[in-house]
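Asker: Coordinates only, no sequence provided:
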């Protein structure tokens, strides 16, 4: 058994002090720290947060240690030796996948900061916490006092925990499984509302899969005083960060529901139904896969749809979420250049940053839209007997419960069995190609009696001039340019800062000034690389960025009514 001892004595410096005990190790032991965390398909290189890494033998004498790569340490020791490893981990980031220490809490994602011996990855682990006596501990791990245990390092790496004096707790039960709700932070929790809504979408998800994969589950929810939105899936839990506090049960409540339903669905899809390339996880290298459209695309689609099917969302709420996906898709010119399958592979390259304009698409957005199309095509082919949820259930029983990973061909075969051979062309053209989505989306929505409507953006800079900005004080920084638009033709560049329109200094009202000069020639003063420049925006008689909305067909026919009824159940 590997024993870990964590101390929080340097909370003000935000260093978690680790002491790790390895017994009877092999000669010249290799010690490693994970380089990435499952749930985020990019290298995290967590070793950058480690300082003063030291190894001692059973007599307390220092061992010679040589670092052989970014996250691996080679120790000069005899066979059968007992080793004590000490190091500090800088815990300064607070998000759903990080490790954080302050005087108010210790929050740990073990995959960030726990070292291990590769040959003992399947052996038990014990965690001993030196924390304040008045702190509670929220975790899915077995707990006795301040001691946590895991059957393997895989279980430990996948089990975040929060130690805090501000934890609030409640629970609900579905089909014998207890779902634990932990809120960390200064907030008055509306437990009645939370338990009703969470139980409703949980019941619906379990209904679709017949059973829940694990005997207990924990929602670990950090409530923050500033704007935040993030969630990370684990087999027995999820960590969610959300803020600001005053909006959690107001405008941000739909975000709480959305991310919670999404992460719960991951318990089946990704944590159980997993790409073969990640079965099991290899923490020391990139786990490349083109199945991001399954892992995140299907989960994004189903997470929101389950909120609607369960009655937690009204149709207008569901439309709002799907419209956001449509908007992101059509605003991104990467859809003409990189398929969602190839973009999945490239998450390890630049999947979580905007990156080069127009280079790639999103496994979340394009994956979601293709999951919707797949769902409708299965329903059409089966005369509404089956949907995408049937395919996911079959993957769960035929692969996850059999201890097998899913390949691209496995997923394609299951889908084509339910949707017909014509689905092969959809895979070739849309999953693995860059064919425009307009036609298949319009047709899929029409099948269930929904209209996809587009109109020019109401924002002058978007619809008439073809550029998008983000505010920077009184000024505006360019973050998107529509090819062939007035902005593009004028020579506008990404990250230009617009400071004036027709010699009028901006104080935050860019679109109002542009509209004011609608019938006049428009000049914008920009700051670029430390120089002031003036650009003249030419007149182009067409619209550029569009806004996408959904609405139910006013007079649906019988087939559309039936299809919508089955889709929404």
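Answerer: Cool, got the structure. Keep in mind that what you see is a predicted model, and the values were worked out from it rather than measured.
Asker: residue contacts, the closest residue to residue 177 other than its chain neighbours?
Answerer: Excluding the flanking residues, the one nearest residue 177 by C-beta to C-beta, 6 or more residues apart in numbering is residue 212, at 4.7 Å. From N, CA and C alone the C-beta is placed, and that goes for glycine too. Residues in contact with residue 212 (C-beta atoms under 8 Å, 6 or more residues apart in numbering) are 174-175, 177, 206, 267.
Asker: farthest-separated two in the residues you listed?
Answerer: 175 and 267 (13.6 Å; C-beta to C-beta).
Asker: Flag the shaky bits of this structure, pLDDT-wise.
Answerer: In the prediction, the chain carries no residues with pLDDT under 70.
Asker: Under a three-state scheme, what state does the residue in it sticking out farthest from the centre occupy?
Answerer: Distance to the chain centre peaks in the chain at residue 59, reaching 45.9 Å (criterion: C-alpha atoms, centre = their mean). Three-state assignment for residue 59 (DSSP: H, G, I helix; E, B strand; the rest coil): coil.
Asker: cool, and residue 4?
Answerer: Look at residue 4: counting by three-state DSSP, its state is strand.
Asker: Tell me what it is bridged to.
Answerer: Residue 4 has these beta-bridge partners by DSSP bridges: residue 20, residue 127.
Asker: Contacts only, for the nearest residue to residue 134 once chain neighbours are set aside.
Answerer: Once flanking residues are discounted, residue 134 sits nearest to residue 165: 5.2 Å by C-beta to C-beta, 6+ apart. Taking C-beta under 8 Å, 6+ apart, we find residue 165 in contact with 104-105, 132, 134-136.
Asker: which of these lies closest to residue 298?
Answerer: For those, the nearest to residue 298 is residue 105 (33.9 Å; C-beta to C-beta).
Asker: Please report how far the residue nearest to residue 177 lies from residue 459.
Answerer: Using C-beta to C-beta, to the nearest Å, residue 212 is found at 44 Å from residue 459.
Asker: separation between the nearest residue to residue 19 once chain neighbours are set aside and residue 146?
Answerer: Among residues not flanking residue 19 along the chain, residue 5 sits closest, at 4.2 Å (C-beta to C-beta, 6+ apart). Per C-beta to C-beta, residue 5 is found 10 Å from residue 146.
Asker: for residue 451, same thing?
Answerer: 58 Å.
Asker: One more: residue 105?
Answerer: From residue 105 to residue 146 the distance is 15 Å (C-beta to C-beta).
Asker: Ok, residue 65 next?
Answerer: Residue 65 is 29 Å from residue 146, by C-beta to C-beta.
Asker: Neighbours of residue 434, how many?
Answerer: Using other C-beta atoms under 10 Å, residue 434 has 16 neighbouring residues.
Asker: what's the single longest helix in this protein?
Answerer: helix 191-209 (DSSP state H).
Asker: got the buried residues for it?
Answerer: 194-195, 197-202, 204-206, 208-209 (16 or more other C-beta atoms under 10 Å).
Asker: Which of the residues you listed sits closest to residue 406?
Answerer: residue 209 (15.1 Å).
Asker: Have a look at residue 175 and residue 267 and say which one is more surrounded.
Answerer: Ranked by neighbour count (other C-beta under 10 Å), residue 175 and residue 267 place residue 267 first, with 23 against 11.
Asker: I'd guess residue 94 is in a strand, am I close?
Answerer: No: counting by three-state DSSP, residue 94 is not part of a strand but coil.
Asker: Surely it is in contact with residue 224?
Answerer: Yes: look at residue 94 against residue 224 with C-beta atoms under 8 Å: they come within range, at 7.2 Å.
Asker: Between the two, which contacts overlap?
Answerer: The contact sets of residue 94 and residue 224 overlap at residue 241 (C-beta under 8 Å, 6+ apart).
Asker: Look at those two and report which has more neighbours.
Answerer: A direct count of neighbours by other C-beta under 10 Å for residue 94 and residue 224 places residue 224 higher, at 20 against 17.
Asker: how close does that one get to residue 262?
Answerer: 19 Å.
Asker: likewise residue 568?
Answerer: Residue 568 sits 19 Å away from residue 262, going by C-beta to C-beta.
Asker: again, but for residue 160
Answerer: As for residue 160, its distance to residue 262 is 17 Å (criterion: C-beta to C-beta).
Asker: and residue 352, how many neighbours?
Answerer: By other C-beta under 10 Å, 10 other residues sit near residue 352.
Asker: That one against residue 42, yeah?
Answerer: Yes: taking contacts as C-beta under 8 Å, residue 352 lies within contact range of residue 42: 5.8 Å.
Asker: can you give me the helices for the stretch 151-300 of the chain?
Answerer: Per DSSP state H, counting those that start in this stretch, the stretch 151-300 of the chain carries helices over the ranges 153-157, 191-209, 253-265, 292, 299-309.
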